[in-house]
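> sequence first, predicted coordinates after that:
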Amino acid sequence: MKKYTGINDLDSIADTIQEAIKLKENPYQFEKLGQRKTLVMVFFNASLRTRLSTEKAAKNLGMQVTVLHVSDAWELEFEEGTIMNLNTSEHVKEAAQVISQYADVIAVRAFPKLENKEQDESEFVMNSFIKYATVPIVNMESATAHPLQALTDAITIEELKTKKKPKVVLSWAPHPKALPHAVANSFVHMMQELDVDFSITHPEGYELNPAITKNTSINHNQEEALQDADFVYTKNWSNYKAYGKVTSQDPKWMITKEKLGKAKFMHCLPVRRNVVVADAVLDSDRSLVIHQTNNRTFAAQIVLKKLLENSAS
Amino acid sequence: MKKYTGINDLDSIADTIQEAIKLKENPYQFEKLGQRKTLVMVFFNASLRTRLSTEKAAKNLGMQVTVLHVSDAWELEFEEGTIMNLNTSEHVKEAAQVISQYADVIAVRAFPKLENKEQDESEFVMNSFIKYATVPIVNMESATAHPLQALTDAITIEELKTKKKPKVVLSWAPHPKALPHAVANSFVHMMQELDVDFSITHPEGYELNPAITKNTSINHNQEEALQDADFVYTKNWSNYKAYGKVTSQDPKWMITKEKLGKAKFMHCLPVRRNVVVADAVLDSDRSLVIHQTNNRTFAAQIVLKKLLENSAS
Amino acid sequence: MKKYTGINDLDSIADTIQEAIKLKENPYQFEKLGQRKTLVMVFFNASLRTRLSTEKAAKNLGMQVTVLHVSDAWELEFEEGTIMNLNTSEHVKEAAQVISQYADVIAVRAFPKLENKEQDESEFVMNSFIKYATVPIVNMESATAHPLQALTDAITIEELKTKKKPKVVLSWAPHPKALPHAVANSFVHMMQELDVDFSITHPEGYELNPAITKNTSINHNQEEALQDADFVYTKNWSNYKAYGKVTSQDPKWMITKEKLGKAKFMHCLPVRRNVVVADAVLDSDRSLVIHQTNNRTFAAQIVLKKLLENSAS
């Protein structure tokens, strides 16, 4: 594996999940692998879980970790051929090569602005790093994908499922702010790859990118959709058609204990309590959010392990 | 010891002081203890000494250290049961549990706003972390207490006292800005526990919380109070009754060489030169401020050592 | 060596360059040297290369590294004898001594404000740290000097020169913002110490400090100056006489492939593409900027090695 910017970069998703579960039992068994290796984590945006879990994963492997907030460095230019006489001080062509001189792996977080669909979908930040860096790139959430979260969620479902083919529902939730589609996109993609009974429920008009949902079943009736679910993954996203707009904050879509039934509740966090999901769900043993949080370490660790092994060979 | 959020958390203050002094002679003797353990330091506010000394203490014990400025993560909600449809993105219930997945010890700095006495005294930030985290919490200065500083000061006095029961005076100083009571509170508390002749001097109306000062002698005549002192601990605090107000900046309360006499000068730093204390004091060998600064490492290290030992057993 | 704040601090520049080149072949051979030693990096300004390369250099030597952005600590006072009743909370006298309690080496970056020549040339930030710190200081770019960059550039020229005495030209470039003189100053100083045929070219009126350029040849005709050059080092600086002003942005001074001829192109980065230098140069194999970037690690590492060896002896 030469990078991890989407779940397709994994040779085998099923094998990777099993390897991560084994790693969790003995997280320090490969702590020689990363010696004298450096992970540079580049943040264009806020982070709690991703920052801490990826840093811990790297250190579990014996790596050195450097955290760089882009705001502490120089404003980056991404346009090719531009005359840089305005605000940007450094081109990503240099920046990505420069960081590569000091890093064995570079992890990048770069959210979309949600103003220009085409620009966001071009993934110009992540793709510039992939293009110009000379070391492997890990996506810590880009404009359209959050593959470390999706791998975490797959590990969690695999660990906790009680039937061979569980029913998994992705349920849209209301939110006061316009949020990206990255988590939902990568979760959909991951569920399409697993042996699960997967469907999506959201208000009419809140369709995700059809190139991602493909032929996944979509139901606009949440109650029907959640019927007999084993795992309910809840997440807000802003409108994709009316790009980046909040066209509904309908509180009826919040997840309650009644709606959840016997299902387990999943969310990537941070979560708005009593907007996205009721306290009674989050504070119950039906909630897997802390279990997921814990698995973030092992998702990142198995990815870093594969990248280190590949570069060693 | 399961946490260190106040000096009462120490089983024995006297023993801890002695252990810290021994640790200082050989700071690396326990560097296996913290291997594969992580300290996450969470800062809601500025820090120089606390940041550097606590980080060094942890690394002396072989720990990994991660520094998290909350401003680089998500705005936190502390209210129970609230509908989170405004500015806060993540509830401390989740945040504290989340950080616990990646940390063996969490250290938190959270100053008071000095606007609402009841709210500050509720210690809602520190207490939320204590309540929801699943690993030990260390207080790196909260709304009302700074127990790492108080332990530092006790170590310093124990090292440098020249009589069995030295006279120690806490002397209020003027300051242009409204400052918290945390350092003064914890120093008062610590002195009450030690075998010292302790008193406080401040202008009338600048009484600290009487639940903390209890029956400690208070003298509004600074000159009288400082007579024959061995250690003069100087610190500004804002008015406690007229909560958070600066009702005096009387320059007569600044510490000068004349006032100090043969006493040693102590301060937690940062200190406003020629406002809180004259240059001639700080630049003389009567000043212990750098000695105190150095001891911050060993106060933090003995605390972390006890927390690691407890969690190992 | 007791500090590295200017290239004069090196006992022998020629030997240091050779030692750095040897270190590059085996960067981990001294990884015991820095064990239990801490580098604290203090940033008053933005950084990408300096941050990452100096951190990597220290870790290659086995050191612990702590990065401190001054904006996360307290606003510093530099005036002697001042009454600190305004915005500054901590005097550099304390701050430098305080950081010394937790560091074995302190590295400082502090750019000039370019408003007051005398103040900038006093190097009050760097000199305060030198004066009050009790451990060695490394200059990570000060108001008037960038000696880690100059050492990097000397290493690069030594590695890649194809004749005994190459022709090296420092060529001023246009830039929309007022930039410091530090890189140019230290490069000039370094070239004066090496066995190279060195000259400077810039528009009339853009003379650097004559106390630094001394009798170095200056040519206002860029085309003439670049004739038969082996290395062209390009850099903008703001006007020194009309201090800190941008009095020319003449695009004719941009480096193009035609102007460069057979010379190698050097720049410290970050660089404004198509303002300072044409894409065609940066994207060609004539550009050494990434090679220079890589050498930053070994310049920092040889400096830290010498400081650690000195303090160990």
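That came in fine, so what should we check first? Numbers count the residues shown, from 1 in each chain, chains lettered A, B, ... in the order given.

> which single residue of chain A ends up nearest chain B?
A:Pro270 (3.4 Å; Cβ to the nearest Cβ). Heads up, the C-betas are built off the backbone N, CA and C, glycines and all.

> quick one: contacts for the closest residue in space to that residue that isn't next to it in sequence?
Computed as Cβ to Cβ, 6 or more residues apart in numbering or on different chains, the closest residue to A:Pro270 that is not its neighbour in sequence is B:Glu90, at 3.4 Å. Shown in contact with B:Glu90 (Cβ atoms under 8 Å, 6 or more residues apart in numbering or on different chains): A:48, A:269-271, B:73-77.

> tell me if I'm right that A:Val70 and A:Val42 touch.
Yes. Here A:Val70 reaches A:Val42: they are 6.4 Å apart, a contact under Cβ atoms under 8 Å.

> which of the two has more neighbours?
Neighbours were counted for A:Val70 and for A:Val42 using other Cβ atoms under 10 Å in any protein chain shown; A:Val42 has more, 26 against 19.

> so the more buried one sits against A:Ala103, correct?
No. Using Cβ under 8 Å, A:Val42 makes no contact with A:Ala103, being 9.2 Å away.

> what are the ranges of the strands in chain A?
For chain A, the strands defined by DSSP state E occupy A:38-43, A:64-69, A:76-77, A:90-91, A:105-109, A:137-139, A:167-172, A:197-201, A:217-219, A:231-235, A:264-266.

> rebuild the ones you listed as TSV, extending it with mean pLDDT and distance to C:Ala278.
Listed next are these as TSV, based on pLDDT from 0 to 100; distance: least, Cβ to Cβ, whole Å:
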stretch	mean pLDDT	distance to C:Ala278
strand A:38-43	98	27
strand A:64-69	98	28
strand A:76-77	97	15
strand A:90-91	98	13
strand A:105-109	98	27
strand A:137-139	98	28
strand A:167-172	98	49
strand A:197-201	98	50
strand A:217-219	98	51
strand A:231-235	98	46
strand A:264-266	98	52
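
> same list (those strands) but as a markdown table, adding distance to A:Asp283.
Shown next, in a markdown table, are the strands of chain A (distance: least, Cβ to Cβ, whole Å):
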| stretch | distance to A:Asp283 |
| --- | --- |
| strand A:38-43 | 31 |
| strand A:64-69 | 32 |
| strand A:76-77 | 42 |
| strand A:90-91 | 46 |
| strand A:105-109 | 29 |
| strand A:137-139 | 32 |
| strand A:167-172 | 19 |
| strand A:197-201 | 24 |
| strand A:217-219 | 28 |
| strand A:231-235 | 15 |
| strand A:264-266 | 11 |
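
> relative to B:Gln292, which of those is closest?
strand A:64-69 (30.2 Å; Cβ to Cβ).

> what's the closest one packed up against?
Applying 3 or more Cβ pairs under 8 Å, 6 or more residues apart in numbering or on different chains; DSSP states H and E, one finds that strand A:64-69 contacts strand A:38-43, helix A:49-60, helix C:49-60.

> tell me the angle the last one makes with strand C:64-69.
Between helix C:49-60 and strand C:64-69, the angle comes out at 160 degrees (axes from the mean of the first three to the mean of the last three Cα atoms, to 10 degrees).

> before we move on, what about the first one?
Using the same axes, to 10 degrees, one finds that strand A:38-43 and strand C:64-69 are set 20 degrees apart in direction.

> any of the contacts of B:Glu90 buried? List them.
A:48, A:269-271, B:73-74, B:76-77 (16 or more other Cβ atoms under 10 Å in any protein chain shown).

> and A:Lys245, its phi and psi?
phi -90, psi 150 (degrees, to the nearest 10).

> count the neighbours of it for me.
12.

> what sits against it?
Applying Cβ under 8 Å, 6+ apart, the residues near A:Lys245 are A:178, A:238-239.

> let's see it at 10 Å
Listed by Cβ atoms under 10 Å, 6 or more residues apart in numbering or on different chains, the contact set of A:Lys245 reads A:114, A:178, A:238-239.

> for the residues you listed, which one is nearest A:Pro166?
Nearest to A:Pro166, judged by Cβ to Cβ, of the contacts of A:Lys245 is A:Ser238 at 28.4 Å.

> just give the number of residues close to the residue nearest to that closest one when sequence neighbours are not counted.
Ranked by Cβ to Cβ, 6+ apart and with sequence neighbours excluded, the top spatial neighbour of A:Ser238 is A:Ala178, at 3.9 Å. Applying other Cβ under 10 Å, we find 17 residues neighbouring A:Ala178.

> any idea how far A:Ala178 lies from C:Ala280?
To C:Ala280, A:Ala178 is 41 Å away according to Cβ to Cβ, to the nearest Å.

> ditto for A:Glu118
Taking Cβ to Cβ, one finds A:Glu118 at 29 Å from C:Ala280.

> same drill for the two, tell me which one is more crowded.
For A:Glu118 versus C:Ala280, neighbours defined as other Cβ under 10 Å are more numerous around C:Ala280 (15 against 7).

> hang on, the earlier thing: ok, which of the helices and strands packed on strand A:64-69 comes nearest A:Glu19?
Closest among those, using Cβ to Cβ: helix A:49-60, at 13.3 Å.

> let me know the closest of the contacts of A:Lys245 to chain C.
Of all these, chain C sits closest to A:Leu114, with 26.9 Å by Cβ to the nearest Cβ.

> which bits of the stretch 151-300 of chain A sit near chain B?
A:174-177, A:249, A:251, A:254, A:267, A:269-276, A:279, A:282-283, A:287, A:289-297 (Cβ under 10 Å from any Cβ of the partner chain).

> again, only using 7 Å
Taking Cβ under 7 Å from any Cβ of the partner chain as the criterion, the neighbours of chain B within the stretch 151-300 of chain A are A:176, A:269-275, A:279, A:289-290, A:293-294, A:297.

> so which of the residues you listed sit within helices?
A:279, A:289-290, A:293-294, A:297 (DSSP state H).

> closest to C:Met63 among the contacts of A:Lys245?
A:Leu114 (42.3 Å).

> burial count for A:Asp11?
Neighbour tally, A:Asp11, other Cβ under 10 Å: 9.

> again with the one 4 residues further on
A count of neighbours around A:Asp15, defined by other Cβ under 10 Å, yields 11.

> list the contacts of A:Thr38.
Neighbouring residues of A:Thr38 by Cβ atoms under 7 Å, 6 or more residues apart in numbering or on different chains: A:63-64, A:66, A:102-104, C:56.

> only whichever of these are buried, select them in ChimeraX.
Of the contacts of A:Thr38, the buried ones can be selected in ChimeraX as follows, counting by 16+ other Cβ under 10 Å:
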select /A:63,64,66,102,103,104 /C:56
